[in-house]
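>>> Got a sequence here, can you model it:
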Amino acid sequence: MEAGRGGPTVVLVAGSGTASPTWAPVLPGLAAHTRVVAYDRAGLGASDPDRMMTLETQVADLAALVEHTGDGPCVLVGHSWGGLLAQLLGWQRPELVAGLVLVDPAHEEFQPPAVRAAEAVLLRLGLLRSALAPTQRVPGDALAGNVPARVRRRRWRTAVAENRLMTLAVPEIRRRRSAARLPDVPVAVLSATEGLPKVLRTRWTLLQSRIAEHATRGTHIVVPGAGHAVHVDDPGAVTAAVLEVAEHARQAKHA
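As a prediction, the model looks like this:
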């Protein structure tokens, strides 16, 4: 999905098991100021499945998309697992990144067993119900109105596989974080405040704040009243953060 004109291009990277329509609340506000691209990872939305899904294939797909835009480094906006993928690309291919906006990003050190188990069960049950339903309207989906059952089953399998990958990749992500730094670009990290017990939310927010602290030009923003899908609960806060990072990236390019 592509909208808007100008640069730098903003690439939206959705959370685990979700496709490009999840960004519908922020697309109009961003497209009014710059070019925006939202994509479906392999096996999600309109994209073909990846039967050999690994950390490397997901990062390589994102790198290929950024290179394909053809107008230089992009501002990456990643939600949850997408926020980790954006960081992984920044560590591996810093020349492709003009800025980062991490929306309640996942963190390899925030993997409480109870939370992992609950997420896995809810994901499987919710997606299974969706896969078995005769039809489903996806709000904001510009690619299709009613999503065929076979496509929803494919999404369910992919979402479960991504959830599993998030757990299996923890040691590798930990190793990469310790061995590299984010590029010298503007970085905004947005944290939710709702949806978890206070002790868990505090721990997650602390980890997210450290991402901003370790960035050369990092900013940490706590969004009051927003749950994990900050871009849905408070699209204005996410839009403002993205446009600010894009403006800083634009000024740096012309400096």
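>>> ranges for the strands of the stretch 101-250 of the chain?
Ranges of strands in the stretch 101-250 of the chain, per DSSP state E, counting those that start in this stretch, are 186-191, 217-222.
>>> and the first one, how far from the chain's centre?
Relative to the chain's own centre, strand 186-191 is displaced by 12 Å; criterion: C-alpha atoms, centre = their mean, to the nearest Å.
>>> can you list the residues that contact that strand?
The contact list for strand 186-191 (C-beta atoms under 8 Å, 6 or more residues apart in numbering) reads 99-105, 204-205, 208-209, 211-212, 215-223, 230, 237-238, 241-242, 244-245, 248-249, 252. In this view, the C-beta of every residue, glycine as well, is placed from N, C-alpha and C.
>>> Take those residues and keep only those in helices.
Among the contacts of strand 186-191, DSSP state H puts 204-205, 208-209, 211-212, 230, 237-238, 241-242, 244-245, 248-249, 252 in helices.
>>> Going by distance to Ala24, which of these wins?
Distance to Ala24, by C-beta to C-beta, is smallest for Val238 among the ones in helices among the contacts of strand 186-191, at 12.1 Å.
>>> So the closest one is in contact with Val101, correct?
Yes. Shown here, Val238 and Val101 form a contact pair, counting by C-beta atoms under 8 Å, at 7.3 Å.
>>> Give the residues shared as contacts by those two.
Shared contacts of Val238 and Val101, defined by C-beta under 8 Å, 6+ apart, are found at 77, 190.
>>> Low-confidence bits of the protein, can you list those?
Along the chain, the model assigns pLDDT under 70 to residues 112-147, 255.
>>> what about 80?
Applying pLDDT under 80 to the chain flags the ranges 50, 70, 111-154, 253-255.
>>> Look up how far Met166 lies from Gln92.
Gln92 is 18 Å from Met166, where distance means C-beta to C-beta, to the nearest Å.
>>> Same drill for the two, tell me which one is more crowded.
Ranked by neighbour count (other C-beta atoms under 10 Å), Gln92 and Met166 place Met166 first, with 22 against 16.
>>> Now do the contacts for the more buried one.
For Met166, counting by C-beta under 8 Å, 6+ apart, the contacting residues are 16, 81, 84, 106.
>>> and the gap between the closest residue to the second one other than its chain neighbours and Glu244?
The spatially closest residue to Trp81, leaving aside those adjacent along the chain, is Ser16, at 3.9 Å (C-beta to C-beta, 6 or more residues apart in numbering). As for Ser16, its distance to Glu244 is 26 Å (criterion: C-beta to C-beta).
>>> Neighbour count: these two, which is higher?
More neighbours surround Ser16 than the other of Ser16 and Glu244, with 23 against 16 (other C-beta under 10 Å).
>>> Need the three-state assignment for the more buried one.
coil (DSSP: H, G, I helix; E, B strand; the rest coil).
>>> Might you report the residue contacts of it?
Neighbouring residues of Ser16 by C-beta under 8 Å, 6+ apart: 80-82, 106, 159, 162-163, 166.
>>> Who wins on neighbours among these?
Neighbour max across the contacts of Ser16 (other C-beta under 10 Å) = Gly82, 27 neighbours.
>>> wait, it sits on Ala14?
Yes. Counting by C-beta under 8 Å, Gly82 does reach Ala14; the two are 5.2 Å apart.
>>> Pull the contacting residues for the residue lying closest to Ser191 once chain neighbours are set aside.
Once flanking residues are discounted, Ser191 sits nearest to Thr205: 4.5 Å by C-beta to C-beta, 6+ apart. Contacts for Thr205 (C-beta under 8 Å, 6+ apart) come out as 191, 193, 222.
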